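In: okay, predicted coordinates and the sequence, questions at the end:
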Amino acid sequence: MMGSSKGRVVQVALIAAVAVACAMIGASLMAQDETAAADTILIPDSLELAATGYTFTEGPAWDGARIIFSDIPGDTVYVMTPGDAAPQVLYTPSANANGHTFDLQGRLINAEHGSGAITRWTPEGGRQVIVDTYRGKRLNSPNDVVVRSDGLILFTDPPYGLGERTSEVGFSGVFALDEATGKMVLIDDALSRPNGLALSPDETVLYVGDTATQTLWAYDLAADGTASGKRLVVDVTDDSTPGRVDGVRVDTEGRVYTTCPGGICVIDPAKGAVIERLATPKRATNLAWGGADLSELYISALTDVYHVKTNARGSGSSSR
């Protein structure tokens, strides 16, 4: 009886020790999960459909309270207030507007496929052409546009919207325009299909995505709009998954966000590597920071617009 009692005591002690060990392991795993959640930039569980039923959505931009986006084939620009039942028409026709941003006065700037122009639109004055030629030759079909904090306008000009027109400039360009003086600088004419673009938080680096080659490029940007030091940041080629390098955005930490095969890629430019990915239900075409503290991303994706929360803060002229 004594031996049997000791055995039971040892057994109970072992069970207790195992229980304590399991509890410690569980606590450790929970702590790791919490740390991982805190380290995650994009929050996948928060991804939700914000709008649907369009032909091809593009160019999201946040005006401080609402998200603006284009339906390019639908020739219409929409505006959506979070919480409202459905987006409303902001203006139409839109000359097949694609990308959008805001100038220093908060007015909407548009890259128009149909007209081959960069324009400004206001409810009071309607549409005003800012630029539609380079050295007397008509631009192709401006795709995306950003504005530096001193008013410099930077945009890409691939041939996607040419239609029946023939390219007069003869190349796909990346341009900088000083609207006040009319001075226009050709930053690059060697990218196959320059598309989305964004400035680093200190505005000394310009990032440009090349859709044709699935690459992201960086340039050192001078005060006068000239650029130097062109360099490849990352190549995200993956032919097994739908999606292309298209829209580009930057957060306050200097990380670069771009549409890519599978959805959205977060890139650390210092490492030249993708550090995080977010899968989207449909092929993503562009993205913009939004929300009261610019910690949310709105993603245009073919017929839809999606919304996702992040652990980051946005930077750039396409968010107010």
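Out: Right, received. Where do you want to start?
In: in this structure, where is pLDDT below threshold?
Out: Scanning the chain for pLDDT under 70 picks out the ranges 1-38.
In: identify the single longest strand in the chain, thanks.
Out: The longest strand of the chain (DSSP state E) is strand 227-235.
In: now the element after that one, going C-ward?
Out: Using DSSP states H and E, the next helix or strand after strand 227-235 towards the C-terminus is strand 248-251.
In: so what does that following strand touch, helix or strand wise?
Out: Judged by 3 or more Cβ pairs under 8 Å, 6 or more residues apart in numbering; DSSP states H and E, strand 248-251 is in contact with strand 194-199, strand 205-210, strand 256-260, strand 286-290, strand 314-315. Quick note: C-beta positions are derived from backbone N, CA and C, even for glycine.
In: parallel or antiparallel, list what pairs with the shortest one.
Out: Paired with strand 314-315 in the same sheet, following DSSP bridges, are strand 248-251 (antiparallel).
In: figure out how far the partner strand is from the centre of its chain.
Out: 6 Å (Cα atoms, centre = their mean, to the nearest Å).
In: quick one: contacts of that strand?
Out: 144, 195-201, 207-209, 216, 256-258, 287-289, 297, 310, 312-316, 318 (Cβ atoms under 8 Å, 6 or more residues apart in numbering).
In: which ChimeraX command selects the buried ones in the residues you listed?
Out: Selecting only the buried entries of the contacts of strand 248-251 in ChimeraX, with 16 or more other Cβ atoms under 10 Å as the criterion:
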select :144,195,196,197,198,199,200,201,207,208,209,216,256,257,258,287,288,289,297,310,312,314,315,316,318
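In: would you map out the domains in this structure?
Out: Listed by automatic domain parsing, the domain ranges of the chain are 1-39, 44-315.
In: ranking these by burial, who's on top?
Out: Comparing the domains of the chain by mean neighbour count (mean count of other Cβ atoms under 10 Å), domain 44-315 comes out on top with a mean of 19.
In: coming back round to it: the longest strand of the chain - contacts with which helices or strands?
Out: strand 183-188, strand 215-221.
In: same for the longest one, what does it pack against?
Out: To tie it back to what came earlier, the one meant is strand 215-221. strand 183-188, strand 205-210, strand 227-235.
In: residue 276: which of those strands is closest?
Out: strand 227-235 (12.8 Å; Cβ to Cβ).
In: can you give the strand pairings for the closest one, parallel or anti for each?
Out: With DSSP bridges as the test, strand 227-235 pairs up with strand 215-221 (antiparallel).
In: show me what the strand it pairs with is in contact with.
Out: 176, 187-188, 191, 199, 203-210, 227-237, 245, 248, 256, 258, 267, 269.
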